[in-house]
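Novice: next come a sequence and a model predicted from it.
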Amino acid sequence: MRSRRQFLKDLAGGAAVIGSGAFLPSLARAADTSAIGPAGLPAGALETSFLEALPGKRPLIKRTYRPPNFETPVEFFEQIFTPNDAFFVRYHLARIPEVAAAQWKLEVGGDSVEKPFTLDLAALQKDFEQVEIPAVCQCSGNRRGLSDPHVAGVEWGIGAMGNARWKGVRLKDILAKAGLKKEAVEVTFNGADGPPLDSTPDFVKSIPVWKATDENTLIAWQMNGAPLPHWNGAPVRLVVPGWTGTYWMKHLVSVQAVSQPLKNFWMASAYRIPKGKFPIVDRFLTQETDANTPITEMVVNSLITTPREGQIVHSGEPLELKGIAWDNGAGMARVDVSSDDGRTWQTATLDQDMGRFSFRGFRHPLKAGAKGDMTILAKATNRQGATQVTDLIFNPAGYHNNVVSRVKVRVG
């Protein structure tokens with residue numbers, strides 16, 4: 001077992017903790033460490049992962065300490081909205097701020113606004129229309145650890161995602177107050193977190209102006225009816241429904257409308273996919289090259305939540321297959337399921353539609369067959385006609401893994 005000294009050294013070397021140490025993870029571990037990830041994770045990933053509780057969080061699956069990257073266990077996806085204290089944690093930089101709501105300020109400016117201004121939380125909550133949108137936040141690299149061959153990066157299993165009701169202000173209303181100019185091509189965002197070394201590029205991102213002025217793009221201060229948790233971007237974060245989490249800037253402190261594309265490391269080099277590999281509806285044209293393009297919207301996907309991998313069932317026993325499906329906001333057309341490793345398929349029943357950017361539950365009755373292994377599959381198709389793939393679409397960063405969901409149970 002690690003000593004407390006080694007634990008804190010692994011966590012952040014002191015860099016991720018501000019002030020009194022209120023954000024140090026607890027050394028207490030959950031007793032159940034059986035659900036820390038799929039068996040397909042690369043060598044060493046399972047051995048170095050375990051359930052551990054950050055302050056304010058239930059035990060989550062630790063993938064890395066510095067920066068902290070913690071994954072949501074599968075049981076929390078049995079509900080459509082992921083509890084705040086079980087929501088996954090993703091950071092790129094190790095210097096994580098403690099930003100008091102009373103002192104928070106947002107700088108709104110850039111060369112493509114007429115009237116730059118500064119906003120505090122009280123004004124954000126009182127001076128603009130408040131809207132709430134259910135939406136999935138998913139790391140671009142969710143399921144990266146299942147790439148074959150394996151690729152570099154955080155070796156996520158299936159839980160680098162969550163679904164919440166996000167409440168805040170439309171970004172377009174903020175930009176309208178600033179007087180957005182017609183010359184604007186992108187809007188850039190910066191958070192209060194920072195790099196541990198001057199040589200590490202600060203995490204600054206941009207989105208095209210058309211996405212920034214979409215009515216669903218929010219500057220959010222509330223999550224599932226409560227203030228944002230520290231580990232999920234408190235006091236204010238960007239919410240970009242339908243797009244992967246790389247654009248969902250946490251601890252937001254700066255919004256800048258600019259007339260030229262942002263050309264930093266995080267836009268020009270990171271979070272890019274080979275051109276033509278994936279169907280893309282939302283193109284980010286100012287950031288495209290002949291070879292690659294920025295990752296933008298999520299691909300259609302699903303996850304079987306019940307039964308669980310390795311579960312033992314009895315021959316002839318009735319089972320209820322349950323799961324969730326999601327996509328870029330087009331919405332689910334159907335989910336097909338199979339209990340014989342894909343030889344035959346049936347259409348599952350979709351649960352209530354909680355919003356086009358939300359998880360959509362599905363269910364289907366099954367019966368355990370003869371003794372032996374029983375492989376259950378789920379394949380989602382959205383209203384744009386996109387469907388999950390049978391074989392991984394490999395790319396060097398391990399993005400967009402939407403291989404058909406698979407669970408193997410043992411019939412005894």
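Specialist: That came in fine, so what should we check first? No experiment lies behind these values; they were computed from the predicted model shown.
Novice: tell me, how many residues neighbour residue 410?
Specialist: Around residue 410 sit 13 other residues, with neighbours defined as other Cβ atoms under 10 Å. Where you see a C-beta, it was placed from the backbone N, CA and C, and this is true even at glycine.
Novice: hey, what's it bridged with?
Specialist: residue 312, residue 373 (DSSP bridges).
Novice: that one and residue 307 touch, don't they?
Specialist: No - if you go by Cβ atoms under 8 Å, residue 410 and residue 307 don't touch, sitting 10.1 Å apart.
Novice: anything in contact with each of the two?
Specialist: Counting by Cβ atoms under 8 Å, 6 or more residues apart in numbering, the contacts common to residue 410 and residue 307 are residue 313.
Novice: contact partners of stretch 313-322?
Specialist: Applying Cβ under 8 Å, 6+ apart, the contact partners of stretch 313-322 are 78, 304-307, 337, 339, 348, 361-371, 374, 376, 378, 409-412.
Novice: quick one, strands of the stretch 201-350 of the chain?
Specialist: Using DSSP state E, counting those that start in this stretch, the strands of the stretch 201-350 of the chain run over 204-208, 218-223, 226-227, 237-239, 252-258, 272-274, 292-294, 301-306, 312-313, 318-326, 332-338, 346-347, 349-350.
Novice: mean pLDDT lowest where, among these?
Specialist: Ranked on mean pLDDT, the bottom entry among the strands of the stretch 201-350 of the chain is strand 312-313, at a mean of 94.
Novice: with mean neighbour count and distance to residue 57 added, can I get the strands of the stretch 201-350 of the chain in TSV?
Specialist: Formatted as TSV, the strands of the stretch 201-350 of the chain follow (neighbours: other Cβ atoms under 10 Å; distance: least, Cβ to Cβ, whole Å):
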stretch	mean neighbour count	distance to residue 57
strand 204-208	23	25
strand 218-223	24	13
strand 226-227	13	13
strand 237-239	24	16
strand 252-258	22	21
strand 272-274	19	31
strand 292-294	22	30
strand 301-306	23	20
strand 312-313	14	30
strand 318-326	21	21
strand 332-338	21	29
strand 346-347	12	37
strand 349-350	14	31
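Novice: okay, these in TSV with distance to residue 127 next?
Specialist: What follows is the strands of the stretch 201-350 of the chain, written out as TSV (distance: least, Cβ to Cβ, whole Å):
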stretch	distance to residue 127
strand 204-208	23
strand 218-223	12
strand 226-227	18
strand 237-239	18
strand 252-258	15
strand 272-274	37
strand 292-294	32
strand 301-306	38
strand 312-313	56
strand 318-326	33
strand 332-338	37
strand 346-347	48
strand 349-350	39
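Novice: between these, which one is closest to residue 100.
Specialist: When the strands of the stretch 201-350 of the chain are compared by Cβ to Cβ, strand 226-227 sits nearest residue 100, at 11.8 Å.
Novice: can you give the distance from that closest one to the centre of its chain?
Specialist: 19 Å (Cα atoms, centre = their mean, to the nearest Å).
Novice: what strands flank it, and is each parallel or antiparallel?
Specialist: Using DSSP bridges, the strands paired with strand 226-227 are strand 218-223 (antiparallel).
Novice: compute the inter-axis angle for the partner strand and strand 252-258.
Specialist: Taking axes from the mean of the first three to the mean of the last three Cα atoms, to 10 degrees, strand 218-223 and strand 252-258 form an angle of 170 degrees between their directions.
Novice: tell me the contacts of residue 226?
Specialist: residue 84.
Novice: tell me how far it lies from residue 155.
Specialist: 31 Å (Cβ to Cβ, to the nearest Å).
Novice: over to residue 347?
Specialist: The gap separating residue 347 from residue 155 is 34 Å, by Cβ to Cβ.
Novice: check residue 89 too.
Specialist: From residue 89 to residue 155 the distance is 15 Å (Cβ to Cβ).
Novice: neighbour count winner among these two?
Specialist: Taking other Cβ under 10 Å, residue 89 and residue 155 do not tie; residue 155 has more neighbours (26 against 23).
Novice: what is the subsequent helix or strand relative to the lowest-mean-pLDDT helix or strand in the chain?
Specialist: In the chain, no helix or strand scores lower on mean pLDDT, DSSP states H and E than helix 4-11, which sits at a mean of 44. Going down the chain from helix 4-11, the next helix or strand is strand 51-52, by DSSP states H and E.
Novice: ok now that next one, how far from the chain's centre?
Specialist: 19 Å.
Novice: find the residue closest to the residue nearest the centre of the chain in space, skipping its chain neighbours.
Specialist: When Cα atoms, centre = their mean is applied to the chain, the residue found nearest the centroid is residue 138 (1.9 Å). The shortest distance from residue 138 to any non-neighbouring residue, by Cβ to Cβ, 6 or more residues apart in numbering, is to residue 161 (3.7 Å).
Novice: residue 351 now?
Specialist: The shortest distance from residue 351 to any non-neighbouring residue, by Cβ to Cβ, 6+ apart, is to residue 361 (3.3 Å).
Novice: the helix or strand hosting that neighbour - contacts with which helices or strands?
Specialist: Using DSSP H and E, residue 361 sits in strand 360-367. If contacts are counted by 3 or more Cβ pairs under 8 Å, 6 or more residues apart in numbering; DSSP states H and E, strand 360-367 sits against strand 318-326, strand 332-338, strand 349-350, strand 372-382.
Novice: run the last query once more with 7 Å
Specialist: Judged by 3 or more Cβ pairs under 7 Å, 6 or more residues apart in numbering; DSSP states H and E, the packing partners of strand 360-367 are strand 318-326, strand 332-338, strand 349-350.
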